[in-house]
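Trainee: next come a sequence and a model predicted from it.
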Amino acid sequence: MAVQERDYMKGSAAAPGAAPKLLDRLNELGEKHATAIIAVSTGLIILTVLIFAKYFYDKAQVERAEQELASAESVDQLAGLKTKYGATPVAPRILFRLANRYYEDGKLDQARNEYKEFQQRFPQDRLSVFVVRALNSLERNARFDAEGKEARLKQSVLSPHPRQLSDLKDPRFQWGPVVEARPVVEIELAAGKVTAELYEDDASNAVAAFVKLADQKAFDGAKWELIGGDERVQAQAKTDADLALPLEDTKRPGDANALILPKKDAGVSGNTFQILLRAVPDLKDVTVFGTVTQGADALKAVKKDDVIKSVKVVSKRSHAYEPQPLKK
């Protein structure tokens, strides 16, 4: 049994010197091309290192470009960034900022060149839409300058120029004495004080009548009447004179808080005044001679027969106030 087992094992064992041919060939190939294999492996390692180095270098460069672009303001700074980072992903934004800066500084030719360069280099960039708009605006401004420049150069455009002062409608630039401020009156009520400004330039006769009566204290102690419900309040001077004035059409609307002289015969009443509590768009046949500037809330609290404590003239112009009555 032992002899048979040894014979069996002997018959199935590989013969000495009969190694697998594939391994022999691989060993032979490795020995023959060892130098080339090492060179290729080394090259692959170096290439991998270079790829990673390039990636991190580009990333760091983009970060530096972003930081410098955020702090760049002048044309020189932006032009330097364009040269330094012109090949980075930040280049479109740098070029766009540079073109805009030229445009803001009025250098239209340089701005146009930068915008066109942007369109050539970065036609698919998301800023292209804004570049088109800016370029169109630039061209319109350039045409306007080219067409209107000569005409504008022939004109004097300085408003305060001495030769033009007489043509200006603004009274601040007209020759002559300075126009005095409008008269101001103060109406004292139980609920508080009401300040009003009088339109002497528009309704000089009505203002003259009101100021004269106020100086005479003719309104002190007068009682309020309510006209049209909550539309307006009215007060009449304590005087025996029946003063009628000619109508002065001031072209001023019947806004809330307006002071008016109501209609009387062919003119308006000179010793009666009203204050509108709300706007009256269709106001007719009255003279609007002032407006409430402070204390409008005190007017809203007025009730029928409430007494006016006083009407004082706070300021007025340096001339006598004498109204001219309506001629009969």
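Mentor: Okay, I see it. Note that the structure is predicted; figures quoted are calculated from it, not measured.

Trainee: contacts and neighbour counts: CA atoms only from here.
Mentor: Fine.

Trainee: tally of neighbours for K82?
Mentor: Per other CA atoms under 10 Å, the neighbour tally for K82 reads 22.

Trainee: do the one 3 residues further on as well
Mentor: By the other CA under 10 Å criterion, the neighbourhood of Y85 contains 18 residues.

Trainee: what's the answer for the one 4 residues further on, then?
Mentor: A count of neighbours around P89, defined by other CA under 10 Å, yields 15.

Trainee: isn't it up against V62?
Mentor: Yes: under the criterion of CA atoms under 8 Å, P89 lies in contact with V62, with a separation of 7.0 Å.

Trainee: tell me where the stretch 101-250 of the chain has strands.
Mentor: 184-189, 192-198, 225-227, 232-236, 244-245 (DSSP state E, counting those that start in this stretch).

Trainee: can you list those strands in a markdown table and add mean pLDDT, mean neighbour count and distance to L135?
Mentor: Formatted as a markdown table, these follow (pLDDT from 0 to 100; neighbours: other CA atoms under 10 Å; distance: least, CA to CA, whole Å):
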| stretch | mean pLDDT | mean neighbour count | distance to L135 |
| --- | --- | --- | --- |
| strand 184-189 | 96 | 20 | 56 |
| strand 192-198 | 96 | 20 | 52 |
| strand 225-227 | 91 | 17 | 64 |
| strand 232-236 | 93 | 21 | 59 |
| strand 244-245 | 92 | 24 | 65 |
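
Trainee: those strands: which one's closest to A134?
Mentor: strand 192-198 (49.7 Å; CA to CA).

Trainee: give me the residues contacting that closest one.
Mentor: With CA atoms under 8 Å, 6 or more residues apart in numbering as the contact definition, strand 192-198 has outside contacts at 182-188, 207, 289-296, 298-299.

Trainee: just the buried ones out of those, please.
Mentor: 183-188, 207, 289-292, 295-296, 299 (16 or more other CA atoms under 10 Å).

Trainee: can I get these in a markdown table with distance to G270?
Mentor: Putting the buried ones among the contacts of strand 192-198 into a markdown table (distance: CA to CA, whole Å) gives the following:
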| residue | distance to G270 |
| --- | --- |
| P183 | 17 |
| V184 | 18 |
| V185 | 17 |
| E186 | 19 |
| I187 | 18 |
| E188 | 21 |
| V207 | 9 |
| F289 | 11 |
| G290 | 14 |
| T291 | 17 |
| V292 | 19 |
| G295 | 24 |
| A296 | 23 |
| L299 | 21 |
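
Trainee: ok, of these, which one's closest to L326?
Mentor: Scanning those for proximity to L326, where the rule is CA to CA, the winner is V207, at 14.7 Å.

Trainee: I figured that closest one hits A214, correct?
Mentor: No: counting by CA under 8 Å, V207 stays clear of A214, with 10.4 Å between them.

Trainee: right, so of the strands of the stretch 101-250 of the chain, which gets closest to I51?
Mentor: Within the strands of the stretch 101-250 of the chain, the stretch nearest I51 is strand 192-198; the backing value is 81.7 Å (CA to CA).

Trainee: residues contacting A53?
Mentor: Counting by CA under 8 Å, 6+ apart, there are no residues that A53 touches.

Trainee: export the strands of the stretch 101-250 of the chain to CSV and tack on distance to R133?
Mentor: Formatted as CSV, the entries for the strands of the stretch 101-250 of the chain read as follows, by distance: least, CA to CA, whole Å:
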stretch, distance to R133
strand 184-189, 54
strand 192-198, 50
strand 225-227, 60
strand 232-236, 56
strand 244-245, 63
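
Trainee: nearest to Q324, out of the ones you listed?
Mentor: The minimum distance between Q324 and the strands of the stretch 101-250 of the chain falls on strand 244-245, with 6.9 Å, by CA to CA.

Trainee: and the helix ranked longest in the chain, what's buried?
Mentor: Ranked by residue count under DSSP state H, the longest helix found in the chain is helix 34-71. Buried residues in helix 34-71, counted by 16+ other CA under 10 Å: 61-62, 65-66, 69.

Trainee: doesn't D305 make contact with K223?
Mentor: Yes: the pair K223 and D305 passes the contact test of CA under 8 Å, sitting 4.9 Å apart.

Trainee: more neighbours, those two?
Mentor: Between K223 and D305, K223 has the larger neighbour count (other CA under 10 Å), namely 19 against 12.
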